[in-house]
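[1] I'll drop the sequence and a predicted model, then ask my questions.
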Amino acid sequence: MQNPHPPPLQQPPSSSSSFLPFSTSTLKEPKTTLSIVLATSLFSLIFFLALSSSSSSPSPPPSRPDPFLFPTHLSSSPSSSHSPPSLAYLISGSNGDSSRILRLLFATYHPRNHYLLHLDRFASAAERDRLAINVQSIPIFKAAQNVDVVGKADFVYPKGSSSLSFTLHGASMLLRLKPNWDWFVSLDAGDYPLLTQDDFLHILSYLPKGLNFVKHSSYIGWRESKKLKPIIVDPGLYLSEKTALFYASQKRELPNAYRLFTGSSFSILSRNFVEFCILGTDNLPRTLLMYFSNTPSSLSNYFPTILCNSRQFNRTIINHNLKYANFDKPSNEKPLRLTSDDFDAMIQSGAAFAARFQSSDPLLDRIDREILRRERGQVVPSGWCLGESGNNTCSVWGDADLLRPGSGARRLEKLLVELLSNTTSVSNRCIFE
């Protein structure tokens with residue numbers, strides 16, 4: 001068993017990289033269209049060059065996680081065929097969200113996973129520093145060496161393309177910092193899990209690691225005039241202060257070289273697909289990046305469109321993102337805030353996550369108490385926790401590969417069986433022959 005007070009280990013290197021730069025001249029009539037074309041080209045080029053340089057930079061020195069957590073993997077890969085899968089979490093928030101991010105980290109934590117925490121530039125540097133200090137004060141995070149905090153952030157506008165730039169940047173950092181993971185999950189501070197990580201990892205261990213959980217549709221409808229034809233410039237890509245999105249007066253035609261798909265901004269992506277988007281030699285991700293760089297809500301369209309237009313990946317998509325959300329109208333961009341009235345439907349849905357929760361909502365306390373069995377300020381008790389029940393169970397550590405799934409695993413299993421066996425769900429996949 002592990003000493004509950006392990007010696008301090010070296011802090012994992014925090015990223016000091018800024019987000020992708022972007023510059024453009026002031027848009028003036030009638031040169032708007034030309035300026036937009038130049039801006040998108042420059043954005044895509046800089047993105048490509050930034051990724052090329054990062055992939056050629058030296059990798060961080062190999063870490064040695066605590067031997068009590070990984071006793072059988074000190075000389076082999078933690079993602080061996082005999083081990084449970086590993087998830088890469090990108091957890092992000094804005095001004096005043098540091099406590100929510102830390103709570104979400106506790107609720108989703110498992111030593112096998114990797115976590116990258118990000119507070120955008122709407123938050124102060126002092127708040128970002130406090131988050132990093134709080135993370136380093138937790139012994140299990142230091143011992144497992146699997147939590148990093150972005151040191152130099154940028155603005156992220158949810159309605160613009162800077163949210164897409166941030167997501168791709170976060171995924172690329174996780175590829176470079178932590179090489180051994182199987183799925184990429186990007187969570188907002190307003191999200192929360194509906195099952196334990198033991199439940200989640202247990203069920204994922206029975207699935208092909210190439211599956212992508214992406215809610216998608218080829219039906220454009222009202223989005224054509226509201227989301228796809230308008231031309232915008234996102235100031236989060238090129239300005240260092242907060243300002244409004246710029247909408248051009250012109251609109252553009254929809255492309256005919258590829259088919260557009262729409263979906264949710266939240267998805268669970270396989271490592272192979274993430275590498276295809278960031279490191280692959282196929283030009284499709286970069287072509288679509290240029291197109292969506294000046295499109296409203298580009299994050300909800302980018303990944304579904306790539307998946308459905310790629311013969312390599314269009315058979316790997318599951319038309320569900322494993323998140324529960326309550327929309328009163330299909331055209332709403334944000335789901336309604338969840339209340340206690342949603343608890344039963346939320347849990348019975350079998351989803352792994354839910355959105356949107358208010359900060360310090362009593363509903364979160366109920367999830368902690370009844371679903372996660374988590375004490376305030378503590379991680380969720382899991383198979384690797386060997387301490388006495390009710391007395392900081394996770395103060396004594398065991399093998400991180402040991403999972404103890406519960407009722408959450410059964411709920412998620414039921415949902416996945418319905419998704420994989422439902423002929424309607426299968427026929428709705430974007431498969432091109």
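    Nice, I can see it. Numbers count the residues shown, from 1 in each chain.
[2] Which strands or helices does the helix or strand encompassing residue 131 pack on?
    Applying DSSP states H and E as the criterion places residue 131 in helix 125-136. Counting contacts by 3 or more C-beta pairs under 8 Å, 6 or more residues apart in numbering; DSSP states H and E, helix 125-136 is packed against helix 98-108, strand 114-119, strand 147-149. C-beta coordinates here come from the backbone N, C-alpha and C atoms, glycine included.
[3] Now with 6 Å, please.
    Contacts defined by 3 or more C-beta pairs under 6 Å, 6 or more residues apart in numbering; DSSP states H and E place helix 125-136 against helix 98-108, strand 147-149.
[4] Need the residues that contact the first one.
    Just to be clear, that refers to helix 98-108. Here helix 98-108 makes contact (C-beta atoms under 6 Å, 6 or more residues apart in numbering) with 91, 93, 117, 127, 131, 134, 189, 193, 359, 379.
[5] hmm, which two among those are most spread apart?
    Distances among those were taken as C-beta to C-beta; the most separated pair is 127 and 193, at 23.6 Å.
[6] center of this structure, which residue is that?
    residue 186 (1.0 Å; C-alpha atoms, centre = their mean).
[7] How about the contacts made by it?
    90, 167 are the contacts of residue 186 under C-beta under 6 Å, 6+ apart.
[8] what's the answer for the one 5 residues further on, then?
    If you count contacts by C-beta under 6 Å, 6+ apart, residue 191 has them with 353, 355.
[9] and it, how far is that from residue 216?
    20 Å (C-beta to C-beta, to the nearest Å).
[10] And for the closest residue to residue 162 other than its chain neighbours, the neighbour number?
    Distances taken as C-beta to C-beta, 6 or more residues apart in numbering place residue 236 nearest to residue 162, at 3.1 Å, with adjacent residues excluded. Per other C-beta atoms under 10 Å, the neighbour tally for residue 236 reads 26.
[11] Verify the stated contact: residue 236 with residue 153.
    No. Counting by C-beta atoms under 6 Å, residue 236 stays clear of residue 153, with 10.7 Å between them.
[12] Extract the residue ranges of this protein that are flagged as low pLDDT.
    By pLDDT under 70, the weakly predicted segments of the chain are 1-63, 72-82, 222, 225, 329-333, 390, 422-429, 431-433.
[13] Give the buried residues for stretch 170-184.
    170-178, 181-184 (16 or more other C-beta atoms under 10 Å).
[14] In strands, which of these appear?
    183-184 (DSSP state E).
[15] List just the nearest of the buried residues of stretch 170-184 to residue 208.
    residue 182 (10.2 Å).
[16] What separation do you get for that closest one and residue 302?
    Per C-beta to C-beta, residue 182 is found 21 Å from residue 302.
[17] same deal with residue 153?
    Residue 153 sits 21 Å away from residue 302, going by C-beta to C-beta.
[18] In terms of neighbours, single out the busier of the two.
    residue 302 (27 against 22).
[19] Sticking with residue 187, tell me its helix or strand.
    Here residue 187 is assigned to strand 183-188, by DSSP H and E.
[20] Then residue 249?
    Assigned by DSSP H and E, residue 249 falls in strand 246-251.
[21] Mind checking what helix or strand follows that strand in sequence?
    strand 262-263.
[22] Can you tell me the strand partners of that following strand and which way each runs?
    Sheet pairing of strand 262-263 (DSSP bridges) gives strand 216-217 (antiparallel).
[23] What's the first helix or strand after the strand it pairs with?
    Next along from strand 216-217, by DSSP H and E: helix 223.
[24] Just the terminal-to-terminal distance for stretch 252-268.
    Terminal residues of stretch 252-268 lie 31 Å apart, using C-alpha to C-alpha, to the nearest Å.
[25] Now residue 419: which helix or strand?
    helix 407-421.
[26] for that helix, which positions count as buried?
    Those would be 408-409, 411-413, 415-416, 419, for helix 407-421 by 16+ other C-beta under 10 Å.
[27] hmm, who's touching the helix or strand residue 165 falls within?
    Using DSSP H and E, residue 165 maps to helix 162-177. Residues from elsewhere that reach helix 162-177, judged by C-beta under 6 Å, 6+ apart: 15, 19-20, 88, 90, 116, 156, 184, 186, 234, 236-237, 274, 278, 298-299, 302.
[28] Restricted to helices, list those residues.
    274, 278, 299, 302 (DSSP state H).
[29] quick check, nearest of those to residue 335?
    For those, the nearest to residue 335 is residue 299 (15.2 Å; C-beta to C-beta).
[30] Please list all residues in contact with the closest one.
    163-164, 265.
[31] export those to JSON lines and tack on distance to residue 349?
    Shown next, in JSON lines, are the contacts of residue 299 (distance: C-beta to C-beta, whole Å):
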{"residue": "163", "distance to residue 349": "25"}
{"residue": "164", "distance to residue 349": "27"}
{"residue": "265", "distance to residue 349": "19"}
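[32] List only buried entries from these.
    163-164, 265.
[33] Restricting to C-alpha, output stretch 284-299 in CSV.
    Extracted in CSV, the C-alpha atoms of stretch 284-299 (Å, rounded to 0.1, in the frame of the first residue of the first chain):
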residue,chain,number,x,y,z
LEU,A,284,-9.5,17.7,-45.9
PRO,A,285,-9.2,19.0,-42.2
ARG,A,286,-7.2,22.0,-43.4
THR,A,287,-9.5,22.8,-46.2
LEU,A,288,-12.5,22.7,-43.9
LEU,A,289,-10.6,24.7,-41.3
MET,A,290,-10.2,27.5,-43.9
TYR,A,291,-13.9,27.3,-44.7
PHE,A,292,-15.1,27.3,-41.1
SER,A,293,-12.7,29.9,-39.8
ASN,A,294,-15.1,32.7,-40.8
THR,A,295,-18.3,30.8,-40.0
PRO,A,296,-20.5,31.3,-36.9
SER,A,297,-20.5,28.4,-34.4
SER,A,298,-17.8,26.5,-36.4
LEU,A,299,-17.0,24.0,-33.6
